[in-house]
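>>> Just need the structure, nothing else, for what follows:
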Amino acid sequence: MKQVVISGHGDPEKLLLRDAPDPVPAAGMLRIRVHASGVNFADVLARQGLYPDAPKPPCVVGYEVSGVVDALGPGVGTDWLGKDAFALTRFGGYADAVVVPEAQVFARPAGLSHEQCAAIPVNYLTAWQLLVTMGSLHRDETVLIHNAGGGLGLAAIDIARYIGARSIGTASPGKHAFLKARGLDEAIDYRGKDWSVELARLTDGRGVELVTDPLGGGHWKKSYRALRSTGRLGMFGVSTATESGLFGPLRLLSAALGMPLFHPVQLMNGNKAVFGVNLGHMWGEMDKLRGWMESLLRGVDEGWLRPHVDRTFRFDQAGEAHAWLEARRNTGKVVLVP
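Sure, this is the predicted structure:
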């Protein structure tokens, strides 16, 4: 099989293509011959040495794939053999063959390509956890979606529309027309102006009921101040760590020093809540993830879940894919194809 390997921490050039033996599925597992692998910002952090959960280099990352089941381990139903499927992977997804537990595999919906299916697991499950499970977003409430143009941002827009909530998103101006066509109610240029001032104007100074924030550091303080009473701040990343200009783990230290401390009395007096989301720490809760995915796949049938692939890159272009994502040039999902 072909794998994309992080050969060492550093720039996108550290991603190398290599040959490796095909994996053999053990009991309760199956093998997928991969047609598409999703790329996530966590993969960029892993390459830079900023993702504590990632294996040490040389390693193969990747949390989601879509393809065809071509081998079964003992105890797996034979109905899977030859079926189109997509799956969550605990790393190893940047390969043209992966072995995963049966519980992490889902049948590919009719009408969706493998590239679109590879855009579902991480982005839509995380967005569901942020908006529905923990964010408790309701009809007629307002959600502020930071990085609305990314794959997770588009997933959050889909879910907010399904709920009937008002959505406001921060994004660079070149993405605004597309995002509004996708259903975003209001777009804010976070580069050319202070987004908090524009948000206050759009909400008549009240703020919003929910903020989804992948930026981290001191940015969480600003997002917290944007909440109205009963508001919730959902934190799920520290992407600002890649922008500090420092080297290696010092980038994380810089982001950590800017993080706010939320005191219980402060939360009580403000009638506000904060919570964190890390899908990579949910492997022991697969029953929950499968339940969320069932709701999302109904969204495919009902037409409100619409995974959008911005660009596909070949495995030998994995460095270009990371650079594209790291520069936030994408609108939607970035996908690797063998």
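
>>> what stretches of the protein score poorly on pLDDT?
Applying pLDDT under 70 to the chain flags residues 240-257.

>>> What residue spans form the domains of it?
Per the record, the chain has its domains at 2-120+307-337, 123-280, by automatic domain parsing.

>>> Distance to Met286 and mean neighbour count added to these, as CSV?
The C-beta positions use only the backbone N, C-alpha and C, and glycine is treated the same way. Below are these laid out as CSV (distance: least, CB to CB, whole Å; neighbours: other CB atoms under 10 Å):
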stretch, distance to Met286, mean neighbour count
domain 2-120+307-337, 5, 20
domain 123-280, 11, 19
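
>>> now these in JSON lines, with distance to Val300?
Output for these, formatted as JSON lines (distance: least, CB to CB, whole Å):
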{"stretch": "domain 2-120+307-337", "distance to Val300": "5"}
{"stretch": "domain 123-280", "distance to Val300": "10"}
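
>>> do you know which of those domains lies nearest Arg290?
domain 2-120+307-337 (6.9 Å; CB to CB).

>>> longest single helix anywhere in the chain?
Criterion DSSP state H: the longest helix present in the chain is helix 286-302.

>>> What are the buried residues along it?
289, 292-293, 296-297, 299-300 (16 or more other CB atoms under 10 Å).

>>> Check the offset of that helix from the chain's centre.
Distance of helix 286-302 from the chain centroid (CA atoms, centre = their mean, to the nearest Å) equals 16 Å.

>>> Check which strands are paired with the next helix or strand after it and give the direction for each one.
Using DSSP states H and E, the helix or strand that directly follows helix 286-302 along the chain is strand 309-314. Applying DSSP bridges, strand 309-314 is found paired with strand 333-337 (parallel).

>>> Run the chain-centre distance for the strand it pairs with.
Counting by CA atoms, centre = their mean, strand 333-337 comes out at 13 Å from the chain centroid.

>>> Check what contacts it and list those residues.
With contact meaning CB atoms under 8 Å, 6 or more residues apart in numbering, strand 333-337 is reached by 4, 35-39, 62, 94, 115, 118-119, 123, 151, 154, 307-315, 317-318, 321, 324-325.

>>> And the longest strand along the chain, what does it pack against?
For the chain, the strand with the greatest residue count under DSSP state E is strand 29-39. Using 3 or more CB pairs under 8 Å, 6 or more residues apart in numbering; DSSP states H and E as the contact definition, the elements that strand 29-39 packs against are strand 64-72, strand 97-101, helix 114-117, helix 121-128, helix 318-326, strand 333-337.

>>> Show me what Val5 is bridged to.
Leu16.

>>> residues touching it, list them.
Contacts of Val5 by CB under 8 Å, 6+ apart are 15-18, 57-60, 94.

>>> Try it again at 10 Å.
By CB atoms under 10 Å, 6 or more residues apart in numbering, the residues touching Val5 are 14-18, 20, 57-61, 94-95, 318.

>>> Out of those, list just those in strands.
Per DSSP E, the contacts of Val5 map to strands at 15-18.

>>> Throw the buried residues of helix 286-302 into TSV and include distance to Arg225, thanks.
Formatted as TSV, the buried residues of helix 286-302 follow (distance: CB to CB, whole Å):
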residue	distance to Arg225
Leu289	32
Trp292	30
Met293	34
Leu296	32
Leu297	37
Gly299	33
Val300	37
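
>>> In terms of distance to Gly270, which of the residues you listed ranks first?
Distances from Gly270 to those, taken by CB to CB, are shortest for Trp292, at 29.1 Å.

>>> Distance of the closest one relative to Thr203?
Per CB to CB, to the nearest Å, Trp292 is found 29 Å from Thr203.

>>> Cys117 too?
Cys117 is 36 Å from Thr203, where distance means CB to CB.

>>> can you check Val132 too?
Val132 is 22 Å from Thr203, by CB to CB.

>>> Same question for Lys2.
On the measure of CB to CB, Lys2 and Thr203 end up 49 Å apart.

>>> hey, where'd the strands end up in the stretch 151-300 of the chain?
166-171, 186-189, 208-213, 227-235, 273-276 (DSSP state E, counting those that start in this stretch).
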